[in-house]
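Novice: need a structure here:
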Amino acid sequence: MTVRVGILAAMPEERVHFGDHLQIERSDTSAGLRFDIGTLDGNPVALVECGIGKVNAALAATLLCEKYGCGALVFSGVAGGLDPALGVGDVVIATSVVQHDYGALRAERIEPYRPGALPTIPPTEPPELDADPAMIEAARKAMVGIEPTWFGRVLTGDTYLACAVTRDCLRALHGGVAIDMESAAVAQIAVAYGVRWLIVRAMSDLAGEDSQLDFHAFVDRAARVAADAVRRLVPVAGV
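Specialist: Residues are numbered from 1 along each chain as shown. Predicted coordinates:
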């Protein structure tokens, strides 16, 4: 059975590249957000530009599930690279996500907890949320021949990262390959509603001291790459 896929993008630059591939049947406004309901390359979708950050992403994801009945959530956007092997424009598909800024601050670092867990007692669950293995395997097949495409952990926090020292610390602590400001919140909502989720990010920068310059120089290119990848993956998410 084909389900409606909810597509989230944080910024106008990330939304615009769906262009004429998106056939809008109607547009609704909820909580100040515009939801475009229609088809993407013939696949039923609801597309929303949610705004930047975890709260905005969680709000939009909740509405996609609750009001528009989406059976899968896909995030399309840009991110900063943590792995030094990554380059601008590379695609990362998340196999797991971690909210790196949720947990307990001890010994001058944040010990990550799964969101919602009480951070005053030893954790009983790992902090990461894992993507559905079958979905990831289907995504791998769909992306064959599209290089470079990476699969790995994506970190999420409400702070824009422009510091190589912090970047390297976060990579060492969590093993992430990329970092953004929305993905883990979307996954958290998807898990709560029992729907599939897929995070698709293209690198706009490498999260170091020059990342703000790189972001503005490459955000449009990276957002287009991410949208093109999502167009390939929406049929996978909707099955």
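Novice: For the helix or strand of the chain with the lowest mean pLDDT, buried residues please.
Specialist: Least confident helix or strand of the chain, by mean pLDDT, DSSP states H and E, is strand 109-112 with a mean of 90. Across strand 109-112, burial judged by 16 or more other Cβ atoms under 10 Å covers 110, 112. For glycine as for every other residue, the C-beta is placed from the backbone atoms N, C-alpha and C.
Novice: neighbouring contacts of it?
Specialist: 98-105, 119, 127, 169, 173-174 (Cβ atoms under 8 Å, 6 or more residues apart in numbering).
Novice: Break down the protein into its strands, ranges please.
Specialist: Ranges of strands within the chain are 5-9, 22-30, 33-40, 43-49, 72-81, 91-99, 103-106, 109-112, 129-130, 149-156, 178-180, 196-205, based on DSSP state E.
Novice: out of the ones you listed, nearest to residue 138?
Specialist: strand 196-205 (9.4 Å; Cβ to Cβ).
Novice: now the closest one, how far from the chain's geometric center?
Specialist: Centroid separation for strand 196-205 versus its chain: 5 Å, with Cα atoms, centre = their mean, to the nearest Å.
Novice: Could you please name the strands that strand pairs with and the direction of each pair?
Specialist: strand 72-81 (parallel), strand 91-99 (antiparallel) (DSSP bridges).
Novice: Distance of the most centrally placed residue in the chain relative to residue 138?
Specialist: Central residue of the chain (Cα atoms, centre = their mean): residue 183, 3.4 Å from the mean position. Using Cβ to Cβ, to the nearest Å, residue 183 is found at 19 Å from residue 138.
Novice: swap in residue 232?
Specialist: 11 Å.
Novice: and if you look at residue 19?
Specialist: 25 Å.
Novice: So which of the two has more stuff around it?
Specialist: A side-by-side neighbour count of residue 19 and residue 138, using other Cβ atoms under 10 Å, places residue 138 first with 17 against 9.
Novice: Contacts only, for the more buried one.
Specialist: Per Cβ under 8 Å, 6+ apart, neighbours of residue 138: 236, 239.
Novice: Quick one, grab the pLDDT at it.
Specialist: The model reports residue 138 with a pLDDT of 96.
Novice: same question, residue 158
Specialist: Looking at residue 158, its pLDDT reads 97.
Novice: got the angle for the top helix by length along the chain vs strand 91-99?
Specialist: For the chain, the helix with the greatest residue count under DSSP state H is helix 211-238. Angle, helix 211-238 to strand 91-99, by axes from the mean of the first three to the mean of the last three Cα atoms, to 10 degrees: 100 degrees.
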